[in-house]
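In: Model the structure of this input:
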Amino acid sequence: MSIARWASIPLRLIVGFGFMEHGFAKLYKGPDAFAAILHALAVPAPHLMAWASILIELFGGLAILLGAFVSLVSLPMAALLLVAIFTVHLPYGFSSIKLIAVTAAGAQFGPPGYECDLLYLACLVALVLGGSGPLAIDGFLRKWRNTGHS
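Out: Okay, the predicted model is just below:
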């Protein structure tokens, strides 16, 4: 048994947790606050898109974390990342960490570039192409279907 088959586990954990964290942050601050940001970015139907983004991040993140329907949920998750890259992060360049200064209050950073979004996209592509790996619901469903249960 190859250890390489376990490589998808850390990808699922970080991508799933990361997306869920972003969804919970938007929910905690209030969907209206995120809708106002989307409105400022000229996103159509900002309230609908705010809720769609939050739900994709929460449920898509959970699905990735559990290895469930990875190929299906990766599409709207990738779409969110691409929108974030082209509407927010692209003008700030590649790097996601821009140290401006270190003061008595701590480190101060500039706006993040698109680096982290590309990392998330790469992880989603790796999970779709390489499979969700062991301990994934997708694998349990595949085994269940192959044993004659439809």
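In: remind me which residues of the protein are low pLDDT?
Out: 1, 149-150 (pLDDT under 70).
In: can you give me the strands for this structure?
Out: Shown for the chain, the strands assigned by DSSP state E span residues 99-103, 106-109.
In: So for residue 14, which of these sits nearest?
Out: strand 106-109 (20.5 Å; CB to CB). C-beta coordinates here come from the backbone N, C-alpha and C atoms, glycine included.
In: Residue 62 reaches residue 20, doesn't it?
Out: Yes: in terms of CB atoms under 8 Å, residue 62 counts as a neighbour of residue 20; the distance is 6.2 Å.
In: all helices of the chain, in order?
Out: 8-29, 31-40, 46-55, 61-66, 70-84, 115-130, 137-146 (DSSP state H).
In: Tabulate those (a markdown table), appending mean neighbour count and distance to residue 91.
Out: Conversion of those to a markdown table gives the following (neighbours: other CB atoms under 10 Å; distance: least, CB to CB, whole Å):
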| stretch | mean neighbour count | distance to residue 91 |
| --- | --- | --- |
| helix 8-29 | 17 | 20 |
| helix 31-40 | 15 | 14 |
| helix 46-55 | 17 | 20 |
| helix 61-66 | 21 | 26 |
| helix 70-84 | 17 | 12 |
| helix 115-130 | 17 | 13 |
| helix 137-146 | 13 | 37 |
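In: For residue 52, which residues are in contact?
Out: Residues near residue 52 by CB atoms under 8 Å, 6 or more residues apart in numbering: none.
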